[in-house]
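# build me a structure from this.
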Amino acid sequence: MVEVPDEIRAARLAELFDLVVDSYDNVGVPFFGPIADRLIAEVDPRAGARVLDIGCGRGAVLFRLAEAVGPGGEVVGIDVSPKMVAATAHEARARGLTNVSVQVMDATAPTLPRGAFDAITASFMIFFLPDPAAALTAWRSLLVPHGTVGVSTFGAWDPRWEQMEDLFGPYRDRAFFRIDPRDPNGPFGSDGAVEGLMRTAGLVHPRTVAFDLDLFFDDTEQWYAWTRSHGQRQLWDSIPAGDLDRVRDAALARVDGWRDEQGRITSRHRIRLTLAQRP
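Okay, the predicted model is just below:
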């Protein structure tokens, strides 16, 4: 396998999320918001706290943090995607959030003051990074003593998603994404493995909270639009044009079989929240 340099990987990641900026968390399927609510509840930032949100996207965590810390606090959001940052900064201004700032920055080595933040959040982004433990180590230095870092990742995968592997597996870009978050033997394969990343980064008292998030889709086209509205877009885009219609049609036919007793297309996601502290 040809190794992809980190700077090229970061550029491609920025391009991916630039592509989905308009549809991201915006196809009528609540996903990032409910996860943000649970993550912030576990991190529990106090009023007046200073918090960093890494991989802030369109602000699902960021804006909720701004409310949690209040006008006396400060929330900084960073993201590798310039278009995400521009859109989120515009939204922050439209909401009148004077305690929020957003900037373009690589999550692997944030250029921010050391010991400046009471808490750090990172929702559904750490598995995109080439060396998650190294990134967590860099984040640890940005925390005050006993400050908290909280990340969200996928827990166990719905077996119905695993049944798609024969369709998508041949097209996965394993050179670009070094880590497969679905790998049961990988760094995100279990609660203990993610807690181990925290310990490797010098963080202490790791703990895990997990919950199920059920998604409901109006039809197969909404499911397709949702999968193209976030990081999974890269998987669709990696399928050659000559194969795309065949793979899409086969996937939608299977998804149509995911209907519940009310006729809704459903998908269950196990969400893992992992928290730890700087000593």
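# use CA for all of it now, contacts and neighbours both
Will do.
# counting neighbours, what do you get for residue 268?
For residue 268, the count of nearby residues is 16 (other CA atoms under 10 Å).
# helix or strand: which one has it?
Mapping residue 268 onto the secondary structure by DSSP states H and E places it in strand 265-277.
# which strands or helices does that strand pack on?
Secondary-structure packing of strand 265-277 (3 or more CA pairs under 8 Å, 6 or more residues apart in numbering; DSSP states H and E): helix 32-43, strand 143-154, helix 191-200, strand 204-217.
# which one of the ones you listed is the most hemmed in?
Among these, ranked by average contacts under mean count of other CA atoms under 10 Å, first place goes to strand 143-154 (a mean of 22).
# next SSE downstream of it?
The helix or strand immediately downstream of strand 143-154 is helix 159-162, counting by DSSP H and E.
# quick one: contacts for the residue positioned nearest the centre of the chain?
Centroid check for the chain by CA atoms, centre = their mean gives residue 124 as the closest residue, at 1.7 Å. For residue 124, the contact set (CA atoms under 8 Å, 6 or more residues apart in numbering) comprises 151-154.
# ramachandran coordinates for it?
The phi/psi pair for residue 124 (degrees, to the nearest 10) reads phi 50, psi 50.
# so it versus residue 53, what's the distance?
Residue 124 sits at a distance of 11 Å from residue 53 (criterion: CA to CA, to the nearest Å).
# and the helices in the stretch 51-200 of the chain?
For the stretch 51-200 of the chain, the helices defined by DSSP state H, counting those that start in this stretch occupy 60-69, 82-94, 132-140, 159-162, 165-168, 191-200.
# of all those helices, which lies closest to residue 242?
Residue 242 lies closest, by CA to CA, to one member of these: helix 165-168, at 14.0 Å.
# name the residues that touch that closest one?
The contact list for helix 165-168 (CA under 8 Å, 6+ apart) reads 235, 247, 250-251.
# likewise stretch 184-201?
So stretch 184-201 is contacted by 127, 132-134, 136-137, 140, 153-156, 179-183, 204, 206-208, 272, 274, 276 (CA under 8 Å, 6+ apart).
# ok, 7 Å please
By CA atoms under 7 Å, 6 or more residues apart in numbering, the residues outside stretch 184-201 that reach it are 133-134, 136-137, 181-183, 206-208, 274, 276.
# now do the contacts for residue 74.
Going by CA under 7 Å, 6+ apart, residue 74 touches 49-51, 99-100.
# if I look at residue 35, how far off is residue 141?
26 Å.
# low-confidence ranges, this structure, go.
Counting by pLDDT under 70, the ranges of the chain that qualify are 1-5, 175-176.
# can you do 90?
Along the chain, the model assigns pLDDT under 90 to residues 1-10, 156-163, 165, 169, 171-185.
# how long is stretch 247-263 from one end to the other?
Chord length of stretch 247-263, first to last residue, is 24 Å (CA to CA).
# my bad, stretch 73-84
End-to-end distance (CA to CA), stretch 73-84: 23 Å.
# what's the answer for stretch 217-237, then?
The first and last residues of stretch 217-237 sit 22 Å apart, counting by CA to CA.
# contacts for it, please.
16, 20, 23-25, 27, 172, 252, 255-256, 264-266.
# do stretch 34-53 as well
With CA under 7 Å, 6+ apart, stretch 34-53 has contacts from 60-62, 65, 68-70, 72-78, 117-122, 148, 150, 273.
# equivalent analysis for stretch 22-29, please.
Contacts of stretch 22-29 (CA under 7 Å, 6+ apart): 32, 215, 225-226, 229-230.
# now the residue nearest to residue 112 when sequence neighbours are not counted: how far from residue 109?
Closest residue in space to residue 112, ignoring its immediate chain neighbours: residue 142 at 7.2 Å, by CA to CA, 6 or more residues apart in numbering. Distance from residue 142 to residue 109, counting by CA to CA: 10 Å.
# cool, and residue 158?
Going from residue 158 to residue 109 by CA to CA gives 33 Å.
# next, count neighbours for residue 229.
So residue 229, with other CA under 10 Å, has 21 neighbours.
# tell me what residue 121 is bridged to.
Per DSSP bridges, the residues bridged to residue 121 are residue 53, residue 150.
# residue 277 too?
For residue 277, the beta-bridge partners are residue 148, residue 204 (DSSP bridges).
# for it, give me its contacts.
Counting by CA under 7 Å, 6+ apart, residue 277 has contacts 146-149, 203-205.
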